[in-house]
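1. I would like the atomic coordinates for the input below:
(one chain, ligands or ions: 1)
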Amino acid sequence: MDFKLTEEQQMVKEMCRKFADNELAPKAAEYDKTHAFPWEHVKKLGEMGMMGVVYPEEYNGAGMDYVSYAIAVEELSRGCASTGVIVSAHNSLCLSPIFYFGTDDQKKKYLSKLCTGEWIGCFGLTEPSAGSDAAGTKTTAELKNGKWVLNGTKNFITNGGVANVAVAIAVTEKGIGHKGLTFFILENTMKGYSVGKSEDKLGICASSTTELIFDNCEIPEENILGKKGEGFKVAMHTLDGGRVGIAAQALGIAQAALDASAKYAKERVQFNAPIAKNQAIQWMIADMATEIEASRLLVYQAAQFLTEGHGDRRKASRYAAMAKLFASETSHRVTHKAIQIFGGYGYVKDYPVERFSRDARITEIYEGTSEIQRLVIASNVLGDY
Ligand SMILES: Cc1cc2nc3c(=O)[nH]c(=O)nc-3n(C[C@H](O)[C@H](O)[C@H](O)COP(=O)(O)OP(=O)(O)OC[C@H]3O[C@@H](n4cnc5c(N)ncnc54)[C@H](O)[C@@H]3O)c2cc1C
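-> Coordinates of the predicted model:
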């Protein structure tokens, strides 16, 4: 077992850390306040290869492994959690299904522009009445005169307001549950495609979260993604990668909270001594650091299983779910403690820890809530009985 990062992984870590420290962190509070989409950062991340981290160079990707990808999302999220999820949703949720299930033509057409960041991607699974229960999808797709016609509404879509390309799931055969679902590739310029309500959120405020409305949206027959009836499989495969990305986001937020807390505890003086001299503070710092390190091991291990191949699906699913569950709940606990260490100053916006706490909260919800991760893990451990 080798815990050392490869040269490439170390290079990505340093590059993304520098970018996060110099460009993301100084502006994160302002973006959080204005809710503006960080176009300047996304453009630079495209130039850095971070909008197509694991995809082959023939599609303009950076051709790296999944551990490098997790490290990138972790480091970027340390600086700005909104940027972390923009990168994660784009890479894991839009590019991944096109790469693993798309035709050669689809890969050439879409990945080449998505990997450079020229186009932004999003993933439409959730609907108002289909959240954790993705098989409850109501959006329909019918083949009429050589075109698929989609009708329905997706909600809570990350990158929804800015995406050029959406991959979305719809019912192609009614009455057979998840076996009647199919994925499609849509472009925002297609007839009948529009962006609906934009959400006003607790955290990750600079990321775009919107409805996508398909009103007799016509797409070419060849824009089916994967086989008809294979949609649920595409969704589950995609979410395994996505969950590693969100686990890495949670890890980055937690690390930022620990770094800020350790610095503050040494500077803040009460009772004539830095508050770090109190064992009560030291214990919080120790628990935060230990849980973060345990999360990091789970996240990198889950990423490694993705690199080793999507061959062993059960293993990939189980470890992705464990990494997301543990890292997101760690991020919750760590950011909560960070506010405690800052006292009253932790509760106001002069310091970043209240933002870290708001940003961390969503990692326990999207791409499967903590309850759904526990279901995935338990069913994997228990098997058939
Ligand atoms: C900011 C944001 C960004 C998002 N981005 C995307 C995106 O890009 N694409 C996309 O498709 N979706 C996205 N989502 C949707 C997200 O994945 C869902 O919100 C999430 O899966 C939960 O679904 P729900 O909100 O409908 O909650 P529900 O499914 O209604 O769950 C409500 C509660 O019930 C619990 N629950 C439900 N079923 C069970 C069960 N069987 N056992 C135990 N507990 C259960 C849940 O854990 C939760 O606590 C996003 C959501 C947000 C808020």
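2. where does Trp148 land in three-state SS?
-> Look at Trp148: counting by DSSP: H, G, I helix; E, B strand; the rest coil, its state is strand.
3. all numbers from here: first residue = 35
-> Got it, the first residue is 35 from now on, which makes the last one we talked about Trp182.
4. shaky segments in this structure?
-> Low-confidence segments of the chain (pLDDT under 70): 344-345.
5. give me the neighbour count for the residue in it positioned nearest to the ligand.
-> The minimum distance from the chain to the ligand, using CB to the nearest ligand atom, falls at Gly165 (1.7 Å). C-beta coordinates here come from the backbone N, C-alpha and C atoms, glycine included. Gly165: 17 surrounding residues under other CB atoms under 10 Å.
6. what does Asn306 give?
-> For Asn306, the count of nearby residues is 6 (other CB under 10 Å).
7. one more: Tyr103?
-> Count around Tyr103 with other CB under 10 Å applied: 27.
8. now Asn56
-> 10.
9. cool, and Ala70?
-> Counted with other CB under 10 Å, Ala70 comes out at 15.
10. and it, that one's in a helix?
-> No: counting by three-state DSSP, Ala70 is not found in a helix; it is coil.
11. which non-adjacent residue is nearest it?
-> Ala240 (6.3 Å; CB to CB, 6 or more residues apart in numbering).
12. go on, Gly380?
-> That would be Ile373: by CB to CB, 6+ apart, it lies 3.6 Å from Gly380.
13. helix/strand/coil for that neighbour?
-> Looking at Ile373 with three-state DSSP, the answer is helix.
14. who in the stretch 285-419 of the chain is up against the ligand?
-> 396, 399-403, 405-406, 409 (CB under 6 Å from any ligand atom).
15. turn these into a markdown table, including distance to Thr160 and neighbour count.
-> Output for these, formatted as a markdown table (distance: CB to CB, whole Å; neighbours: other CB atoms under 10 Å):
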| residue | distance to Thr160 | neighbour count |
| --- | --- | --- |
| Ile396 | 13 | 24 |
| Ile399 | 11 | 16 |
| Tyr400 | 9 | 22 |
| Glu401 | 10 | 32 |
| Gly402 | 11 | 23 |
| Thr403 | 12 | 16 |
| Glu405 | 16 | 11 |
| Ile406 | 12 | 20 |
| Leu409 | 17 | 14 |
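16. so which of those sit within helices?
-> Secondary structure assignment by DSSP state H places 405-406, 409 of these in helices.
17. what about the residue nearest to Gly380, how many neighbours?
-> 19.
18. I'd guessed it sits against Val382; true?
-> No: contact criterion CB atoms under 8 Å: Ile373 and Val382 do not qualify, at 10.2 Å.
19. which residues are in contact with both of these two?
-> Counting by CB atoms under 8 Å, 6 or more residues apart in numbering, the shared contacts of Ile373 and Val382 are Glu388.
20. ok so, going back, so what's the residue nearest to Gly380 up against?
-> Contacts of Ile373 by CB under 8 Å, 6+ apart are 380-381, 387-388, 391.
21. look up how far Met270 lies from it.
-> 36 Å (CB to CB, to the nearest Å).
22. you'd agree Met318 is in a helix?
-> Yes: under three-state DSSP, Met318 falls within a helix.
23. hmm, Ala394 and Thr369 touching each other?
-> Yes: if you go by CB under 8 Å, Thr369 and Ala394 touch, sitting 4.5 Å apart.
24. any shared contact partners between the two?
-> Counting by CB under 8 Å, 6+ apart, the residues touching both Thr369 and Ala394 are 287-288, 291.
25. turn the ones in helices among the residues of the stretch 285-419 of the chain next to the ligand into TSV, including distance to Gln338.
-> Formatted as TSV, those follow (distance: CB to CB, whole Å):
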residue	distance to Gln338
Glu405	26
Ile406	23
Leu409	24
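26. and the residues you listed, which is closest to Pro72?
-> Taking CB to CB as the measure, Pro72 lies nearest Ile406 of these, at 29.2 Å.
27. so what's the closest one closest to, chain neighbours aside?
-> Using CB to CB, 6+ apart, the closest residue to Ile406 is Ser166 (5.3 Å).
28. in contact with that neighbour, which residues are there?
-> With CB under 8 Å, 6+ apart, Ser166 has these contacts: 402-403, 405-406.
29. please identify which pair of the residues you listed lies farthest apart.
-> Gly402 and Glu405 (8.6 Å).
30. alpha carbons only: can I get stretch 316-333 in PDB?
-> Taking Å, rounded to 0.1, in the frame of the first residue of the first chain, the C-alpha atoms of stretch 316-333 are listed here in PDB:
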ATOM      1  CA  GLN A 316      -7.200  21.600  21.400                       C
ATOM      2  CA  TRP A 317      -9.600  18.600  21.600                       C
ATOM      3  CA  MET A 318     -11.800  20.200  19.000                       C
ATOM      4  CA  ILE A 319      -8.800  20.800  16.700                       C
ATOM      5  CA  ALA A 320      -7.600  17.200  17.300                       C
ATOM      6  CA  ASP A 321     -11.000  15.700  16.400                       C
ATOM      7  CA  MET A 322     -11.400  18.000  13.400                       C
ATOM      8  CA  ALA A 323      -7.900  17.000  12.000                       C
ATOM      9  CA  THR A 324      -8.400  13.300  12.700                       C
ATOM     10  CA  GLU A 325     -11.800  13.100  11.000                       C
ATOM     11  CA  ILE A 326     -10.500  15.100   8.000                       C
ATOM     12  CA  GLU A 327      -7.600  12.700   7.500                       C
ATOM     13  CA  ALA A 328      -9.900   9.700   7.700                       C
ATOM     14  CA  SER A 329     -12.200  11.400   5.100                       C
ATOM     15  CA  ARG A 330      -9.200  12.000   2.900                       C
ATOM     16  CA  LEU A 331      -8.200   8.300   3.000                       C
ATOM     17  CA  LEU A 332     -11.800   7.300   2.100                       C
ATOM     18  CA  VAL A 333     -12.100   9.800  -0.700                       C
END
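31. that's all I had, so thanks and see you.
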